[in-house]
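J.: Let's see this in three dimensions:
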Amino acid sequence: MATAVLKATPTCCGKNSGGECVCAKQATCSCGQKSALECTCEKAASENALSGARCSCRARPAGQCTCENKATENVPVAGSACACGARPADSCTCERAAANPNEIDFTTQK
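T.: All right, here's what the predicted structure looks like:
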């Protein structure tokens with residue numbers, strides 16, 4: 001799994017151990033054979049991509065969570081949604097979200 005995804009982020013479920021998001025460690029690819037972002041089946045190209053709205057731990061696409069929080073993660077947004085509409089406004093995880101503290105924006109630095 002991508003190491004950066006394992007780091008606990010502000011949108012993580014809050015269950016972290018040693019700075020790692022427990023849910024991200026639990027997440028699997030949709031076939032369940034591999035950890036999320038380490039898929040090797042015919043869906044690998046889409047399963048291992050990190051674009052678009054993501055679940056709280058960012059290991060899976062929004063609405064396709066496979067960790068122990070899937071019952072709450074995979075429900076439609078009720079109330080105010082983020083710009084993409086896939087997540088609650090206060091926990092947006094898509095490209096339209098505010099900066100993630102685990103990311104460095106090299107495009108604006110000289």
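J.: Quick check: phi and psi on residue 91?
T.: Phi and psi for residue 91, reported as degrees, to the nearest 10, are phi -140, psi 50.
J.: Quick check: it touching residue 58?
T.: No. Using C-beta atoms under 8 Å, residue 91 is not in contact with residue 58; the gap is 10.8 Å. C-betas here are computed from N, CA, C, even on glycine.
J.: So these two - more neighbours on which side?
T.: residue 58 (27 against 16; other C-beta atoms under 10 Å).
J.: so residue 25 sits in a strand?
T.: No. Looking at residue 25 with DSSP: H, G, I helix; E, B strand; the rest coil, it is helix, so not inside a strand.
J.: Okay, now the unreliable bits of this protein?
T.: 1-19, 95-110 (pLDDT under 70).
J.: repeat that with 80
T.: Residues of the chain that meet the criterion pLDDT under 80 lie in 1-24, 56-58, 83, 85, 89-110.
J.: Show me where it has its helices.
T.: Under the criterion DSSP state H, the chain contains helices at 3-6, 22-26, 44-47, 70-73.
J.: and of the ones you listed, who's closest to residue 63?
T.: Nearest of the helices of the chain to residue 63, taken as C-beta to C-beta: helix 70-73 at 7.6 Å.
J.: residues in contact with the closest one?
T.: 55, 56, 62, 63, 65, 67 (C-beta atoms under 8 Å, 6 or more residues apart in numbering).
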